[in-house]
Each structure stands twice: as structure tokens, then as C-alpha cells.
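Peer 1: Output the structure for:
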Amino acid sequence: MNKNTKAKKRRPAPEDRQAVLTEQRRRKMARSPHAYVRGNTERFYEWVIESNGDALPHGPAVWICGDCHTGNLGPIANAEGKVEIQIRDLDQTVIGNPVHDLVRLGLSLATAARGSSLSGLNVVRMIEALAAGYESAFSDQDIEARRPEPVHVTMKEAIRRSWHHLARERIEDLHPSIPLGKRFWPLTKEERGEIEMLFRKKEIASLATCLKDRNESGDVVVLDAAYWVKGCSSLGRTRYAVLLDVDGGVVEGDDLCLIDIKEGVKAAAPRYKDVAMPRDNALRVIEGARHLSPFLGERMRAARLLDRGVVIRELLPQDMKLEIERLDKDDAMHVAHYLAAVVGKSHARQMDATTRKGWQAELRRNRSKTIDAPLWLWSSIVQLVSSHEAGYLEHCRRYATGT
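Peer 2: Numbering: from 1, shown residues only. Prediction:
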């Protein structure tokens with residue numbers, strides 16, 4: 001069987017996409033407990049609602065990430081080229097309890113720590129650092145924390161990246177086309193036509209012209225598009241990669257633009273009652289991004305495509321996720337403190353001074369002599385690690401037997 005024949009076998013017909021994507025998601029989640037945690041937001045909120053929801057404090061009503069694991073944080077560039085560590089995936093965002101973001105981040109870090117064979121004592125210290133980092137965001141003093149080494153390395157790489165890095169990583173090709181294969185599947189004529197019509201709209205085309213180095217009045221042309229097989233928890237949703245040319249000429253990097261179109265779906269994260277949120281899921285994601293991750297929010301648009309709400313954004317070379325599959329014992333506390341502070345700042349910027357002070361006081365309550373963190377935070381993470389480890393093993397059994 002030649003290479004082209006093998007590639008075609010990896011490209012299912014549109015009507016068979018869902019079954020193939022479901023299988024890929026199951027396989028990804030079977031790789032490790034940390035991958036299972038990252039890919040199973042629903043199980044986390046089943047625990048929140050059914051097992052321990054009443055034991056958690058009810059924080060101020062703010063926009064939360066809703067799926068705050070380590071892979072959903074990382075360097076993000078704004079339209080002016082400035083780069084910061086912010087939340088980078090807002091599919092699950094709702095106006096809800098900020099505690100849910102803190103606990104989910106703690107679960108993600110604890111799972112990574114256990115996968116790194118760190119001792120239980122290391123995990124205790126890491127959760128203490130998590131609590132301290134989050135609380136620090138609500139202080140009146142704006143203290144910029146030093147980036148821990150794993151975050152610093154990713155940040156340095158993000159700042160020096162160019163279009164060439166993005167093309168090799170995302171589309172595996174420097175030429176102005178999207179190569180079909182395992183990651184990219186062909187579109188139907190209807191999909192291609194709808195995408196081309198979408199970028200004829202000025203408000204959508206402006207995504208490609210809003211960067212400081214691009215011509216704001218430049219013409220935007222769709223060079224290529226494909227169905228994108230990407231992510232883990234998002235596998236199975238409608239998703240497209242679109243390659244645009246801005247102002248003609250196809251100059252390397254400057255005039256090429258890679259767009260991610262992702263279906264907006266109902267959030268698993270519970271929202272607070274009696275709060276106003278957009279009913280359209282794509283608009284909800286955009287609004288949450290503007291509050292939690294301003295660098296990302298300003299570079300996103302919501303639209304309708306094939307009768308579905310979709311979120312559209314340009315992928316920049318500087319946009320990266322933190323790859324923290326394993327933790328060194330010397331870095332674990334620093335990483336936990338730093339990432340919790342990032343999440344805390346995204347919550348704090350939505351609160352007035354009085355609300356911040358009250359929430360900080362609540363976070364400092366319910367301590368013991370054995371751990372310098374709220375007992376509800378520690379017990380929640382312990383329960384969740386146990387629950388997800390059992391769920392992971394059961395998932396592997398079902399995946400192995402095909403049931």
C-alpha cells in the first residue's frame with residue numbers, strides 16, 4: 001500500500017467523521033491519568049454537583065474558565081504583539097463559582113505530580129502553594145511573580161516564534177495550502193462554500209487585518225480550508241482550519257493567516273442562577289474570553305456556520321499551551337503558585353475592591369495545623385484524584401475490550 005493510499009484511508013467521509021473522532025478521543029484519554037483528566041470535564045462536574053458541591057464555598061459571580069487544567073493556560077499574544085500567560089481555552093466559560101477553576105487546576109497539577117512519582121508530601125506543599133498563589137491575586141499589592149522554569153522556557157520559545165514555526169507545528173507545511181492527511185480532512189462543497197462566504201463579511205475578515213503589521217483595508221482571500229482533527233475534549237465538535245491571504249502576494253508569514261473555527265457547544269460547567277449570559281454558545285465563549293483573557297478575547301469573533309454557532313480566531317505563532325505532563329519536585333510548588341495567581345488575576349479583575357477583600361478573607365478561613373490551605377480545597381482534590389484514577393482505569397478497560 002503506497003503513502004497516498006494510506007493517507008486517504010485516514011480521511012473518513014463526512015458522514016463517518018463522528019465515529020472516527022469518538023474513537024480517537026477514547027484513545028487519547030487512555031494514554032495517562034493526566035490525559036484522562038484533561039479530556040473529561042463532564043466527570044469533574046458530575047463530582048461537583050453530586051458529591052461535594054455543597055462543601056465548596058460559593059464565591060462571587062464572575063466569568064470562570066470552566067475547564068481550568070494546565071493545558072488550557074499558556075502564552076497568548078494580543079493584536080499589538082505583547083505576550084502574557086493567560087487562559088487560552090474558554091469553551092466551558094460561564095458566570096459561575098470561581099472555586100471550580102481553582103479545584104480543577106489543583107486536580108490537574110496533582111495528577112501531573114502523581115504521574116511524575118512525586119511524594120504525597122510534595123503534593124501537600126504544592127496544594128499549599130496553589131492556595132497562596134490564588135489568594136495573592138486578591139491583594140491590593142500588584143506583585144509580579146517570577147516565572148517558574150517550565151513556564152519561563154515556554155514563554156521564551158513563544159516570544160521568538162515566527163510564521164515558520166506555526167506552519168510546521170500546525171499544518172506541517174510552509175507552502176500556502178493545508179496538506180490533507182491524519183490531522184486535516186477534506187471538506188464537502190457545502191462546507192467550503194460556507195467558509196468562503198463567511199470571510200466575505202467585513203466583521204469576520206477584520207480578524208485577519210487587525211494585527212498592527214497588517215493593512216487594515218487589505219483584501220482577505222481564502223486560500224485553503226480543511227476539517228481539523230484537533231484537541232481531546234473538543235474531538236467530535238465541528239472544527240475547521242482556514243488559510244487566508246491578506247492583501248495578496250502571499251508574503252511569508254506577513255500575509256498568511258491561519259484561522260481556527262470551532263463549534264460553540266453547551267458548557268458542562270454549572271452557571272450561577274439569575275445571571276445574564278448570552279444564550280448563543282459562541283457569543284458566551286467570546287464574552288467569557290473578553291473578561292478572563294483580554295489578549296485572546298480581542299482576537300475572537302462569533303458567527304453562524306452551517307446553522308451552528310462557531311467561534312473564530314486567528315492562531316498566532318506566540319499562542320502556545322503549557323506542556324506540564326510531568327513535574328520536578330523543585331518546580332512543582334513554583335508552578336502551582338504561579339498558575340494559580342494567573343487564574344486568580346483573571347477572576348480578580350472582574351471584582352471591585354470590597355468584593356476582592358471579602359473573597360480573600362473567605363479563602364483564608366478553614367485552615368488546620370496540618371496544611372496551610374483551605375481544608376475544602378485539599379479534601380476536594382484528594383477525592384477527585386481518587387475518583388479520576390478509578391475512572392481512568394475503567395476507561396482503559398472499556399477501551400481495551402471495545403465496550
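
Peer 1: what about S206, how many neighbours?
Peer 2: Neighbours of S206 under the rule other Cβ atoms under 10 Å: 12. Heads up, the C-betas are built off the backbone N, CA and C, glycines and all.

Peer 1: and it, which of the three is it?
Peer 2: Here S206 is recorded as helix under DSSP: H, G, I helix; E, B strand; the rest coil.

Peer 1: Could you check how far it is from K82?
Peer 2: Using Cβ to Cβ, to the nearest Å, we find S206 at a distance of 20 Å from K82.

Peer 1: for K230, same thing?
Peer 2: Taking Cβ to Cβ as the measure, K230 falls 26 Å from K82.

Peer 1: For the residue nearest in space to the middle of the chain, give its distance to P270.
Peer 2: Centroid-nearest residue in the chain, with Cα atoms, centre = their mean: D89, separated by 2.7 Å. Counting by Cβ to Cβ, the gap from D89 to P270 is 18 Å.

Peer 1: Quick check, E196 in contact with V222.
Peer 2: Yes - counting by Cβ atoms under 8 Å, E196 touches V222, with 5.0 Å between them.

Peer 1: Can you report how many residues lie near G66?
Peer 2: By other Cβ under 10 Å, neighbour count at G66 equals 28.

Peer 1: Does it touch D89 like I think?
Peer 2: No - counting by Cβ under 8 Å, G66 stays clear of D89, with 9.4 Å between them.

Peer 1: Please list all residues in contact with the nearest residue to P33 once chain neighbours are set aside.
Peer 2: Nearest residue to P33, sequence neighbours excluded (Cβ to Cβ, 6 or more residues apart in numbering): Y392, at 4.7 Å. Applying Cβ atoms under 8 Å, 6 or more residues apart in numbering to Y392 gives the contacts M29, P33, Y36, V37.

Peer 1: okay, E196 and V222: which has more neighbours?
Peer 2: Neighbours were counted for E196 and for V222 using other Cβ under 10 Å; V222 has more, 18 against 13.

Peer 1: Report pLDDT for that one.
Peer 2: If you check V222, the pLDDT there is 92.

Peer 1: Is it part of a helix or strand, or is it coil?
Peer 2: The local conformation at V222, judged by three-state DSSP, is strand.

Peer 1: Let me see the contact set for it.
Peer 2: Contact partners of V222, counting by Cβ under 8 Å, 6+ apart, are I195, E196, F199, V242, L243, L244.

Peer 1: For it, name its beta-bridge partners.
Peer 2: Beta bridges link V222 to L244, judged by DSSP bridges.

Peer 1: For R11, see how far away it is.
Peer 2: The value you get for V222 to R11, if Cβ to Cβ is used, is 20 Å.

Peer 1: more crowded one of K230 and K82?
Peer 2: More crowded of K230 and K82, by other Cβ under 10 Å: K230, with 16 against 10.

Peer 1: And for the more buried one, nearest residue in space, chain neighbours not counted?
Peer 2: Excluding the flanking residues, the one nearest K230 by Cβ to Cβ, 6+ apart is R239, at 6.0 Å.

Peer 1: Report whether the expected contact of that neighbour with W228 is present.
Peer 2: Yes - using Cβ under 8 Å, R239 is in contact with W228, at 4.7 Å.

Peer 1: Identify the contacts common to the two.
Peer 2: In terms of Cβ under 8 Å, 6+ apart, R239 and W228 are both contacted by the residues D260.

Peer 1: where does the stretch 101-250 of the chain dip in pLDDT?
Peer 2: Filtered on pLDDT under 70, the stretch 101-250 of the chain yields the residue ranges 142-144, 163, 165, 168-175, 211-218, 231-236, 248-250.

Peer 1: swap the cut-off to 90 and go again
Peer 2: Applying pLDDT under 90 to the stretch 101-250 of the chain picks out residues 112, 114-118, 139-147, 149-150, 152-154, 156-183, 202-203, 205-221, 229-238, 245-250.

Peer 1: Please enumerate the helices of it.
Peer 2: Along the stretch 101-250 of the chain, counting by DSSP state H, counting those that start in this stretch, helices occupy 120-136, 149-160, 163-166, 189-198, 202-205.

Peer 1: and R17, which of the ones you listed is closest to it?
Peer 2: helix 189-198 (11.2 Å; Cβ to Cβ).

Peer 1: Can you mark which positions in the closest one are buried?
Peer 2: The neighbour-count check on helix 189-198 (16 or more other Cβ atoms under 10 Å) flags E191, R192, E194, I195, L198 as buried.

Peer 1: And for stretch 293-303?
Peer 2: Buried-residue list, stretch 293-303, by 16+ other Cβ under 10 Å: S293, P294, F295, L296, G297, R299, M300, R301, A302, A303.

Peer 1: Please apply the same query to stretch 365-383.
Peer 2: I371, A373, P374, W376, L377, W378, S380, I381, V382, Q383.

Peer 1: Many thanks, we can stop here.
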